[in-house]
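Undergrad: Just a sequence and a predicted model for now, questions to come.
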Amino acid sequence: MTEHRIGTQEEFDAARAELLAEEKALTRRNDELARKRRELPWVAVEKEYSFETEDGTRSLADLFDGRSQLLVYHFMFGPGYEAGCTVCSSIADTIAPNAVHLAARDVTMLLVSRAPLEKLRAYKERMGWDIDWVSAGGTDFNRDLGFTHTEEELRPFLEGEIPPTVKEMAERSGTDVAGYVTEGPGLSAYALSDGTVYRTYVTTARGLEPAMGFYGLLDRAPRGRNEEGDMQFWLRRHDEYGTS
């Protein structure tokens, strides 16, 4: 028998009405934050970056592909990885099919990683994604945004007790812990105006959750995310569920 509180339809309706008021307040707060996000000062990107793409070497301005806005997901796939990060893969599952809708609103969406283009191309084919993915392996693009670190910078973490999830994620990407955590995920946004590229927004960590659509849905399921305690990390690449 369930241990959850059981009530009448009237009790549910009353509690749902109270929750709905809070949800609407949160929606208004999110709208306000979105406005403040758009009002951040733009910073001109003065450094020259080059990216290896399916169409050859391209500049940051070239990546806009004729549009005036660019969203870049910094996907954890380091040069030593054999497969893309599992969490980043779940994010790309959300991003990839939405790229066409973003393009309709003058926004180019793409992935960037430091792994060689050949590795990215092969993994993209495995995952079945139809989204541009470029390599920034020869530049400091990710590092300048704080998404790539050296082992020396991470020494205190590496010499401490490594969380089991980090070890698992490193193994699933075909690399060691040091190689795995030198990469970091993130989202950066850019505007192209009068030939100048401006950086307009950067986020990481839980700021990436809007790109993890399954979490928003789990938050509305009866047991929520159900990730508390010592439960084994459940997330897999979409072609790995049901495999041992």
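TA: Thanks, I have it. Source: prediction; values computed, not measured.
Undergrad: This structure: helices as residue ranges?
TA: 9-38, 86-103, 117-127, 141-144, 155-158, 164-172, 177-181, 213-218 (DSSP state H).
Undergrad: Out of those helices, the one nearest D62 is which?
TA: helix 141-144 (13.4 Å; C-beta to C-beta). In short, each C-beta sits where N, CA and C put it, glycine included.
Undergrad: Just the buried positions in the closest one, please.
TA: Across helix 141-144, burial judged by 16 or more other C-beta atoms under 10 Å covers F141, N142.
Undergrad: one step back: could you provide the helices of the chain in JSON lines, with additional columns for mean pLDDT?
TA: Below are the helices of the chain laid out as JSON lines (pLDDT from 0 to 100):
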{"stretch": "helix 9-38", "mean pLDDT": "97"}
{"stretch": "helix 86-103", "mean pLDDT": "98"}
{"stretch": "helix 117-127", "mean pLDDT": "98"}
{"stretch": "helix 141-144", "mean pLDDT": "97"}
{"stretch": "helix 155-158", "mean pLDDT": "96"}
{"stretch": "helix 164-172", "mean pLDDT": "95"}
{"stretch": "helix 177-181", "mean pLDDT": "97"}
{"stretch": "helix 213-218", "mean pLDDT": "95"}
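Undergrad: closest one to V72 among these?
TA: Counting by C-beta to C-beta, V72 lies closest to helix 141-144 out of these; the figure is 8.7 Å.
Undergrad: Run the chain-centre distance for the closest one.
TA: Counting by C-alpha atoms, centre = their mean, to the nearest Å, helix 141-144 is centred 16 Å from the centre of its parent chain.
Undergrad: Excluding its own residues, what touches that helix? List them.
TA: 47, 49, 51, 60, 74, 112, 114, 136, 148-149, 183-184, 186 (C-beta atoms under 8 Å, 6 or more residues apart in numbering).
Undergrad: can you rerun that using 7 Å?
TA: By C-beta atoms under 7 Å, 6 or more residues apart in numbering, the residues outside helix 141-144 that reach it are K47, Y49, H74, V112, R114, A136, T148.
Undergrad: pretty sure Y123 contacts C85?
TA: No - look at Y123 against C85 with C-beta atoms under 7 Å: they stay out of range, at 10.5 Å.
Undergrad: if you count what's nearby, which of these two comes out ahead?
TA: Taking neighbours as other C-beta atoms under 10 Å, Y123 and C85 compare with C85 leading, 25 against 22.
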